[in-house]
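*Asks:* Here is the input, now give the coordinates:
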Amino acid sequence: MQHFFVNPSDIVGKEVFITGSDVNHIKNVLRMKIGEEISVSNGIDSNEYRCEIAKIEEDRICCNLMFIKEDGIELPSKIYLFQGLPKADKMELIIQKAVELGVYEVIPVQTARAVVKLDEKKAKSKTARWQAISEAAAKQSKRQIIPVVKEPMSFKAAMEYAKSLDSNIIPYELAEGMESMKEFLSDVKSKKSIGIFIGPEGGFTEEEVDMAVNNNVTTVSLGKRILRTETAGMTVLSILMYFLEV
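*Replies:* Model prediction:
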């Protein structure tokens with residue numbers, strides 16, 4: 001079943017209206033017909049609105065609301081991925097998979113060892129592209145929200161941003177064994193918001209790790225093997241998804 005996002009104001013009683021670029025996608029790409037069933041989310045609550053296409057107009061799709069599924073599929077905790085800027089197009093893959101795994105927000109971080117350097121103009125362009133990838137992944141995985149991708153920020157700014165979260169972790173190869181992760185997971189369900197700091201290809205500098213520890217970020221180990229930047233975040237998200245939903 002195809003899934004789309006609408007504004008809360010587009011759900012009026014038993015009617016749901018789809019506008020914008022999704023109209024062309026439904027009409028000319030998916031070639032959907034009147035009577036076909038779809039699901040929509042309003043990007044705010046955790047409800048899934050099941051609809052039937054009733055009318056296909058020039059600039060909107062009119063649907064009849066059939067029922068509302070209220071159990072939702074969002075994680076009980078909000079997960080914030082602070083991702084050190086990786087090389088090439090790796091960020092696109094990271095965002096796509098992070099959204100599929102339930103991330104709430106992605107924050108690109110300019111770290112000391114990040115090869116990629118973005119000026120203000122490039123940062124805005126990249127962020128718009130990354131947000132589009134987040135929306136596409138949210139539709140594919142039937143998320144009830146579209147995770148926000150923030151504009152890139154410095155490591156120091158990221159530390160400040162993370163202070164409002166209940167708990168933050170930073171995978172670090174010098175952390176003492178898997179016991180550190182096991183201890184963190186022991187009461188993870190009590191955390192309503194969790195930040196994950198992932199370094200770029202070259203990892204974090206000792207100064208960055210020290211800054212994180214001084215800001216109450218917990219160092220954890222992901223095992224004896226060194227993971228690529230595009231693997232580390234997905235590993236942590238997968239672990240958290242399991243422990244939060246089990």
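*Asks:* Let me see the domain layout of the protein.
*Replies:* Taking automatic domain parsing as the criterion, the chain consists of the domains 3-69, 78-245.
*Asks:* Between the two ends of the last one, how far is it?
*Replies:* Read that as domain 78-245. 13 Å (CA to CA, to the nearest Å).
*Asks:* tell me the mean pLDDT for that domain?
*Replies:* Domain 78-245 shows a mean pLDDT of 93.
*Asks:* For S77, grab the count of nearby residues.
*Replies:* S77 is flanked by 21 other residues according to other CB atoms under 10 Å. (Glycine included, C-beta is placed from N, CA and C.)
*Asks:* My guess is it contacts G195. True?
*Replies:* No: using CB atoms under 8 Å as the test, S77 is too far from G195 to be in contact (10.9 Å).
*Asks:* coming back round to it: out of the domains of the chain, deepest packed?
*Replies:* domain 78-245 (a mean of 18; mean count of other CB atoms under 10 Å).
*Asks:* residues touching the nearest residue to A162 once chain neighbours are set aside, list them.
*Replies:* Spatially, and ignoring its direct neighbours in sequence, A162 is nearest to G195 (4.4 Å; CB to CB, 6 or more residues apart in numbering). G195 sits next to 80, 82, 162, 165, 167-169, 217 when contact means CB atoms under 8 Å, 6 or more residues apart in numbering.
*Asks:* Please repeat the previous calculation with a cut-off of 7 Å.
*Replies:* Contact analysis of G195 by CB atoms under 7 Å, 6 or more residues apart in numbering lists 80, 82, 162, 165, 168.
*Asks:* same thing with V220?
*Replies:* 169, 171, 175, 180-181, 184.
*Asks:* Using the three-state scheme, assign K142.
*Replies:* Three-state call for K142 (DSSP: H, G, I helix; E, B strand; the rest coil): coil.
*Asks:* tell me the strands in the protein, going along the chain?
*Replies:* Under the criterion DSSP state E, strands of the chain are mapped to 3-5, 11-12, 15-18, 37-41, 48-56, 61-69, 78-84, 105-110, 148-149, 153-154, 167-171, 193-198, 218-220.
*Asks:* looking at those strands, which is closest to F243?
*Replies:* strand 193-198 (10.7 Å; CB to CB).
*Asks:* For that closest one, list the C-alpha coordinates in PDB.
*Replies:* Only the C-alpha atoms of strand 193-198 are listed here, as PDB (Å, rounded to 0.1, in the frame of the first residue of the first chain):
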ATOM      1  CA  SER A 193      15.300  11.300  23.900                       C
ATOM      2  CA  ILE A 194      18.700   9.800  23.000                       C
ATOM      3  CA  GLY A 195      21.600  11.300  21.000                       C
ATOM      4  CA  ILE A 196      24.100   9.200  19.000                       C
ATOM      5  CA  PHE A 197      27.400  10.800  18.000                       C
ATOM      6  CA  ILE A 198      29.100   9.100  15.000                       C
END
